[in-house]
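>>> Can you look at this prediction? I've put the sequence above it.
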Amino acid sequence: MTRWLGWLAALGLLAGLVMDFGYAPKDAVQGNVQRIMYVHVPMAWVAYLAFFVVFLASIAYLWRRSLAADRVAQASAEMGVIFTGLAIMSGSIWGKPTWGTWWTWDARLTTTAILFVIYLGYLLLRGMVEERERGARYAAVLGIIGFLNVPIVHQSVLWWRTLHQPPSLGRPEGATMAGPILAALIVNLIAFTLLYAYFVLKRVALRRLEEEVHA
């Protein structure tokens, strides 16, 4: 199953590239730099998804002391940190020609940076505590509390005045982008979600083998 998921993710990413450069039109205002959106937004979405999975898996671990849930939580947190970092980097590349700066202490950027640090601390905490069960328990608590920042990140562009544009999807009046642009974005959202699922499954399998070696 994991192998097929990997192939689906690869085909999805290839389809996304075709949609980005061969189907979606150039933005009338920003030009070609707007095409960064097709990787920036999916990376941010995957980060949200990853930390939501950490949230659910952490609750499951504290409730049932399930090793499987703990493996999923750790794997998803690792992917969440990676994709959050990539989202910040791609956003900076997009922000330079659009805003004239690589970084600004905008509400969206600041809350995203805090989210990155929280889950980086989550991973460091797991490595610092020698007793596995105690480290997993502490990490689960942090994984649950840390997720509270995700809705703050998402709503920051609506709650405060920011340079970052408001969301174009999920609005009461519907999407605010042209059909070809929306189609290309949706293809990439699906592709990056498949890629996230593939990486998590591979990391969970590796974690299981590590535990067998230590046992």
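Yep, that arrived.
>>> And the lengthiest helix in the chain, what does it pack against?
Assignment by DSSP state H gives helix 179-214 as the longest helix of the chain. Contacts defined by 3 or more C-beta pairs under 8 Å, 6 or more residues apart in numbering; DSSP states H and E place helix 179-214 against helix 2-18, helix 37-64, helix 67-99. All C-beta atoms are positioned from the backbone trio N, CA, C, and that covers glycine.
>>> With residue 29 as the reference, name the closest of the ones you listed.
Closest of the helices and strands packed on helix 179-214 to residue 29 is helix 67-99, at 9.4 Å (criterion: C-beta to C-beta).
>>> I'd like the next helix or strand past the closest one.
Next in sequence after helix 67-99, counting helices and strands by DSSP states H and E, comes helix 107-128.
>>> quick one: contacts of that next one?
Residues outside helix 107-128 that contact it (C-beta atoms under 8 Å, 6 or more residues apart in numbering) are 44, 47, 51, 54, 74, 77-78, 80-81, 84-85, 87-88, 91, 103, 135-136, 138-139, 142-143, 146, 149-150, 152-153, 156-157, 159-162, 164.
>>> how about it: buried residues?
107-112, 115-116, 118-119, 122-123, 125-126 (16 or more other C-beta atoms under 10 Å).
>>> what angle separates it from helix 67-99?
With axes from the mean of the first three to the mean of the last three C-alpha atoms, to 10 degrees applied, the angle from helix 107-128 to helix 67-99 works out at 150 degrees.
>>> Now helix 107-128 - C-alpha only, PDB.
The C-alpha trace of helix 107-128 is given here as PDB (Å, rounded to 0.1, in the frame of the first residue of the first chain):
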ATOM      1  CA  ALA A 107       0.600  38.400  12.400                       C
ATOM      2  CA  ARG A 108       0.400  35.400  10.100                       C
ATOM      3  CA  LEU A 109       4.200  35.100   9.800                       C
ATOM      4  CA  THR A 110       4.700  35.600  13.500                       C
ATOM      5  CA  THR A 111       2.100  33.000  14.600                       C
ATOM      6  CA  THR A 112       3.400  30.500  12.000                       C
ATOM      7  CA  ALA A 113       7.000  31.000  13.400                       C
ATOM      8  CA  ILE A 114       5.600  30.300  16.900                       C
ATOM      9  CA  LEU A 115       3.900  27.200  15.600                       C
ATOM     10  CA  PHE A 116       7.200  26.000  14.100                       C
ATOM     11  CA  VAL A 117       9.100  26.600  17.300                       C
ATOM     12  CA  ILE A 118       6.400  24.800  19.400                       C
ATOM     13  CA  TYR A 119       6.600  21.600  17.400                       C
ATOM     14  CA  LEU A 120      10.400  21.800  17.000                       C
ATOM     15  CA  GLY A 121      10.400  21.900  20.800                       C
ATOM     16  CA  TYR A 122       8.000  18.900  20.700                       C
ATOM     17  CA  LEU A 123      10.600  16.900  18.800                       C
ATOM     18  CA  LEU A 124      13.500  18.100  21.100                       C
ATOM     19  CA  LEU A 125      11.500  17.100  24.100                       C
ATOM     20  CA  ARG A 126      11.100  13.500  22.900                       C
ATOM     21  CA  GLY A 127      14.800  13.300  22.400                       C
ATOM     22  CA  MET A 128      15.800  14.800  25.700                       C
END
